[in-house]
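A.B. asks: quick one, fold the following:
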Amino acid sequence: MFDMACLAGWTAPGRVRAVIGFRLGEWGLAAIAGDVCLVASELVTNAVEAAPDGRIQVRLTREPEAVFLGVWDSVDVLPVARRVFEPCRVTADSQALDPGHDDGLGGWGLPIVRALSAQCGVERTRPCGKWVWSRISSGVLRDGVPR
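C.D. replies: Next up, the predicted model:
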């Protein structure tokens, strides 16, 4: 198991991706590092947005047939996945470069997490906060034989 605490700043996703990539390599799971790092980036970014300048916790655990990744933040508000858009409905946005303009194209991280995870979810913690987690198949059976 690997635990990492860090400030919820905009450099946190990159730091977490780097550390997770190294850890997965040590565990012989470099083949799934891309998926796990993408999921980590999405979950950490959500935690940073939920609790800017707060503290977040990242947990990575090797399981017999998967890798468990959890990200904790101190905010009680649960993440909400946006409905995946239909590409045929995308139109030109004349305000796209205006400061502070929300073009509606962000917020697709949780659908990505769902797509890459064997399981994922959210668990509230006491007295506050939540763990947002993902379990990603490692492609290795208990006896070490590849699937």
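
A.B. asks: from here on, just use CA atoms for contacts and neighbour counts.
C.D. replies: Fine.

A.B. asks: for residue 24, which three-state class applies?
C.D. replies: Three-state call for residue 24 (DSSP: H, G, I helix; E, B strand; the rest coil): helix.

A.B. asks: I'd say residue 128 and residue 75 touch.
C.D. replies: Yes. Residue 128 is within contact range of residue 75, at 6.5 Å (criterion: Cα atoms under 8 Å).

A.B. asks: of these two, which one has the most company?
C.D. replies: Looking at residue 128 and residue 75 with other Cα atoms under 10 Å, you find the greater number of neighbours at residue 75, namely 16 against 11.

A.B. asks: and that one, what element?
C.D. replies: Per DSSP states H and E, residue 75 falls between elements, in no helix or strand.

A.B. asks: leaving out the residues flanking it, which one is nearest to residue 50?
C.D. replies: residue 75 (6.5 Å; Cα to Cα, 6 or more residues apart in numbering).

A.B. asks: what number of residues lie near residue 10?
C.D. replies: Neighbours of residue 10 (other Cα under 10 Å): 14.

A.B. asks: quick one, what contacts it?
C.D. replies: 45, 48 (Cα atoms under 8 Å, 6 or more residues apart in numbering).

A.B. asks: per-residue pLDDT, it?
C.D. replies: pLDDT, residue 10: 91.

A.B. asks: how far away is it from residue 50?
C.D. replies: Per Cα to Cα, to the nearest Å, residue 10 is found 12 Å from residue 50.

A.B. asks: what's the offset of stretch 12-31 from the middle of its chain?
C.D. replies: The chain centre lies 13 Å from the centre of stretch 12-31; the measure is Cα atoms, centre = their mean, to the nearest Å.

A.B. asks: put the alpha carbons of that stretch into CSV.
C.D. replies: Taking C-alpha atoms only, stretch 12-31 is exported to CSV below (Å, rounded to 0.1, in the frame of the first residue of the first chain):
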residue,chain,number,x,y,z
ALA,A,12,-0.9,17.9,-7.2
PRO,A,13,-2.2,15.9,-10.2
GLY,A,14,1.1,15.9,-11.9
ARG,A,15,3.0,14.9,-8.7
VAL,A,16,0.5,12.1,-8.0
ARG,A,17,0.7,10.8,-11.6
ALA,A,18,4.5,10.7,-11.4
VAL,A,19,4.6,8.9,-8.0
ILE,A,20,1.9,6.4,-9.0
GLY,A,21,3.7,5.7,-12.3
PHE,A,22,6.9,4.9,-10.4
ARG,A,23,5.1,2.7,-7.9
LEU,A,24,3.3,0.7,-10.5
GLY,A,25,6.6,0.1,-12.3
GLU,A,26,8.1,-1.2,-9.0
TRP,A,27,5.1,-3.5,-8.7
GLY,A,28,5.5,-4.9,-12.2
LEU,A,29,2.3,-3.2,-13.3
ALA,A,30,3.7,-0.7,-15.9
ALA,A,31,1.2,-2.1,-18.5
